[in-house]
Structure formats: structure tokens, C-alpha cells
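K.L.:
Could you work out the structure for the sequence below:
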Amino acid sequence: MNRAAFTPRRGLLALAALAASGLVFATPGDSQTHTSVHPYLEIEQVLTADFNGGDVLTYTGVGGGIDATVTSRRVTATISYNYQRRIEETGRIRDHDVHTGLAAAHVDVVPNLLSFDAGAIATRGHTDISAPAAPLRTSDDGRLAGVYSAYAGPTLNSHVGPVTVGAAYRLGYVYVDDHDVTGGTPPPGASRVQHYRSSTVQNATASVGMAPGVLPFGWTVGGGYVREDMKRFESRYEAKYVRGDVVVPLGPTFAVTGGIGYEKGKASQQDILRDAGGAPVVGPNGELYADPTRPRLLSYDESGLIWDAGVIWRPDPRTELQARVGHRYGGMTYTGSFEHRFNGSYVLSAAVYDDVSSFGRLMVADLSSVPGAFQAPRGLGGIGGLGGCVFGDKGKGACFDDALQSMANFNFRNRGATLRFTGERGVWSFGLGATYANRRYFAPPGTDFILHGVTDQSFTIDGRIGRRFTRTSGIDFDAFAGWYDTGRAGYGSGGNAGATATYYRNVFGDHVQGTLQAGVYTAHGQDYDRTYGTILFGLRYGF
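P.N.:
Model prediction:
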């Protein structure tokens, strides 16, 4: 698919289709079906002051969107989408369209047998870890890019006597529009990291197993297949595995587990175009060109035995801890998870992960973790913008910071940890998310690929707290901070941080809502340091 063939409109159609699917599968007349659909038009006046350069920018934003939820016995679906057309008034800011949205749907097609999940997102993120930026829709930063992604697929869960049978398939698509914001010219000092274009991701799994009971132990035999086809350099990743696992209870709250299997994974791409002297041909935008006439380059190739062993501890129905150590991806792996429900309103969850991934596969994985019911943030950045986390009820949610760390075109060994703490009681709600991500890239050997052998890392934290004053008014506080280390020679670390306060209240009746937002943001990295503040006043008319 070429760049002209994909526009943000396709991402928006995916968002709309998800909202429609919830309405289609909701049972008409079902007393347990709750549907809320709120389309709206809005106008905003925005002032942004650059505290470093002294520039003051103002623009008017006009647009609209939709917030909708569907909840029934078989369907849970949520969509939050906003479109804004920025119209320049003063300062160096150009007219621009900004799309921000998230949708998720879970449908029990055949209860207790077949379900269907889908999701879509439109957001922004910084293209290069060496140049982190606050991905706010009010900023006009050349380091930002538009990101659009969608996925869908069925899940089968059944029983044949005491044996559980399961299978799932997910098809995902990711598109990055860095020219949408940068105009095709990289910022000063930017290096050639071979930014993402688009990719198609396929993931299939199947398993059979039996819980402890009939036998003194539980067992599972399963396999999986994943493939990603990237547009740029026709990069391709393919992996498949088969494995068996057992769980042996040693008491009512404690069990040991272990598994062994075989895995094969490979990644390759086209070579780069070179001139007569063998030097890479570099385009006016600083990027390299592919040469399909040369042999493909191998960037990752691992196969062999995989294994892990660990423990499962459930001291009570509200707490679970799992920890595993093993060998995979050519080295030792350490993974785990923890969840504790303090009560029905407060949940703490954490995870340690280790796998081989890419920007595209991470976006699809994070998107598939978004629950069908989530809280749409009111911050200036929206989903994946001001705060890279999305929070749902009962501790569910997803954080996109690990995927949006950088949009390089290579696969990498992906290790890190996540933490989420969420709660809601009465008029108060809050969410806190933290992510540490470490990437070791698998670029083809040679100095022409700047990320060969490079390990970058980041630590981000996102939080929000909200209080409703009345049914139609309230206040939200959002904050984020991130630290980024490129791992590349000659590049230091960078970071960004910001905080926003949002007050909303219905005026002139229930159909009109006024919003006042104020925030301060800072970003620093390779050859730049920027701090600025933003004030926004908006009116929204809901139908």
C-alpha cells in the first residue's frame, strides 16, 4: 500500500465500524443493554507560549467527534474520537488536521464458545527516541508523527469433556504518517533511523489442555505463528513455536510450573541502494532507498529449544503472583506478573516481559489489551498523547508508551516492566501507569544501519485524577514524564514532562459544554530544549 493510498480517513472508518459493530450485536429490547451515543461539534481557542524563544502562537480549532458506549450481556464497546481543524491566527503554526481517537469492542458471538475482539487508534508520537516531544495536538513539532492502527480477530474457547480447547487469530495494521507533521523535512540533527511506514501483522495461537483435578497436575500443549510484513525495505518477520506446559499444585495456594518446546524465528529486509563507489544513496529527506536487485539481508535468525520454569502463588482470591525464568530468543528470559485487588474499586497490577518485537507488533499488542469499556481522557493529547495509558474498570487497561518509545523500522529484543494502579469510588477516579522499556535492535550488520547492535531504553510515568462536581461538571488533572536514552554514540539522553488541568461544565442547558484547560510542558534532547505553556477555551455542542 503506498502512502497516497492510506489516509487518516481509513483509520476513522475503522473507529466508526467498531462503534457500529457494538450496536449491531446488541440485543434489541434487552433490558440489560445500555447504549450511550453522543456526537458533538466543537470550537476551541488556543494560545501557546514558548518560554524559550518567546513566540506566542494562537489558533482556532473547529471540528467534532463522538463518544459512545454499548454494554449488554454479549457486547462491550467504547469509542472516543475527535477531529480538529486548526486555523492559524498568529505565530508560526500552520493549518493542520489532527485526528485523535480510540475504539475497542468485545462481542460474545456464541456465548461460552466464540468471541470477537477489535480495536482501532489514531494518535501521535515522537519518531525518534533522540528527539522526544510532548505529543499534544496543540503543538506543531517536527519530531511528531501521526500513528494509525487497527486490529480484529476471533477467539474460540470450548471443552471436550475435561479438556479445554482454545484458538485465536488477530489481524492488525499499523501506519505512520511522519510527513503529515514534518512536511518531509527532518529536524536539524536528526539521524537516519529508518522510520516506520506501515505493516500488516498476523498472529495465530492454538492449544489444548486440562486443569488439575482429573490428574494430579494440569497440562497444556500449544503452538503459535506470527508474521509481520513491513512496507519499508519489504522487511519481513516470521516466527513459529510449539510447546508443552505442566502445572503441579503443591498446596491450596501454591504451584510450580514448567514448559519446553521448539521455536524458529527469522527477520530479513532488502539491501540499500548504493552508488558506483559503494556509498549509500541518501535522499533529500535523509532517508535511504531500497535496492530490490541485491540479495536480501538477514537481521535476525534464531531457532532451537525453548524452556521455562516458575511458580504460581494465589494466597487469596484477590491476589496472584507468577514468576518464570527460562531460555528463549538466544538467551535467558525473566518474566512475571502480579495483580492485587484491594477491593472492588482499587487494583494494582504489574508485569515483567521479555520477547522479540517491533514497533508495529507492539502497537497491535497494546491495542488488543484495551478493554471494551475504558475511560476516555480529556487531556490535550488524548489517547497516547498526554499520558500514554488507557484505564478501564476493575484494573483493566493498556499503556502505549513501550510502543511509542520510537518508530524505527527494525525488530528488537524487547524487555521491560509495566505497572498500573487504578481506582474509582464515588465522585473520584484515578489511574497511574509506569513503563520501563529496553530495546536491543536487530539491524543488518554494517555502519550504514545506525541501529545495528544499539540498545535504547526509556522510563515513563503517566497519571490522572478526576473529580465530578455534578452530573455535568468536574475537573481532571493529567501529568506525564519520560526519560529516554538512545544508546547511540554521540547522542545523549532526553526527556519530556507535562501537566494539564481541565475544568468542564455544561452551560446554556444540557447540550452545550464549556471546557477550560491549562498546561505546562517541557521537552529536551539532541540539540534542543523547549518549554511552553498552553491555555485552551472550548465550547462543545452535543446532539
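K.L.:
C-alpha only now, for contacts and for neighbours.
P.N.:
Will do.
K.L.:
Let me see the mean pLDDT of the strand or helix carrying residue 123.
P.N.:
Assigning secondary structure by DSSP states H and E places residue 123 in strand 114-126. In this model, strand 114-126 carries a mean pLDDT of 90.
K.L.:
Which neighbours in the sheet does that strand have, and how are they oriented?
P.N.:
Strands that pair with strand 114-126, judged by DSSP bridges, come out as strand 96-110 (antiparallel), strand 144-160 (antiparallel).
K.L.:
Minimum distance to residue 89: which of the ones you listed has it?
P.N.:
strand 96-110 (12.5 Å; Cα to Cα).
K.L.:
Name the residues of that closest one that come out as buried.
P.N.:
The neighbour-count check on strand 96-110 (16 or more other Cα atoms under 10 Å) flags 97, 98, 99, 100, 101, 102, 103, 104, 105, 106, 107, 108 as buried.
K.L.:
can you check stretch 455-475 too?
P.N.:
Neighbour count says stretch 455-475 has 455-468, 473-475 buried, by 16+ other Cα under 10 Å.
K.L.:
sorry, back to before: where among the strands paired with strand 114-126 is the average confidence lowest?
P.N.:
strand 96-110 (a mean of 89).
K.L.:
where do the helices sit along this protein?
P.N.:
8-25, 179-182, 359-368 (DSSP state H).
K.L.:
Could you identify which of these has the lowest mean pLDDT?
P.N.:
Across those, helix 179-182 gives the lowest mean pLDDT, at a mean of 46.
K.L.:
Tell me which residue is most central in this protein.
P.N.:
Nearest to the mean C-alpha position of the chain, counting by Cα atoms, centre = their mean, stands residue 400 at 3.1 Å.
K.L.:
Would you agree it is in contact with residue 363?
P.N.:
Yes - between residue 400 and residue 363 there is a contact at 7.2 Å, judged by Cα atoms under 8 Å.
K.L.:
Got phi/psi on the residue nearest to the centre of the chain?
P.N.:
phi -100, psi 0 (degrees, to the nearest 10).
K.L.:
gap between it and residue 76?
P.N.:
Plainly put, residue 400 is 21 Å away from residue 76 if you go by Cα to Cα, to the nearest Å.
K.L.:
what do you get for residue 246?
P.N.:
Distance, residue 246 to residue 76, using Cα to Cα: 33 Å.
K.L.:
Then residue 299?
P.N.:
41 Å.
K.L.:
got it, and residue 304?
P.N.:
41 Å.
K.L.:
how about low-confidence regions in the stretch 401-543 of the chain?
P.N.:
446-450 (pLDDT under 70).
K.L.:
shouldn't residue 125 be in contact with residue 403?
P.N.:
No - judged on Cα under 8 Å, residue 125 makes no contact with residue 403 at a distance of 9.5 Å.
K.L.:
quick one: which of those two has more around it?
P.N.:
residue 125 (28 against 22; other Cα atoms under 10 Å).
K.L.:
Can you get me a residue count around residue 80?
P.N.:
Neighbour tally, residue 80, other Cα under 10 Å: 26.
K.L.:
wait, I meant residue 111
P.N.:
Residues near residue 111, counting by other Cα under 10 Å: 11.
K.L.:
Quick check: chain neighbours aside, which residue is closest to it?
P.N.:
Distance criterion Cα to Cα, 6 or more residues apart in numbering; nearest residue to residue 111, sequence neighbours excluded, is residue 74 at 7.4 Å.
K.L.:
give me the number of residues near that neighbour?
P.N.:
18.
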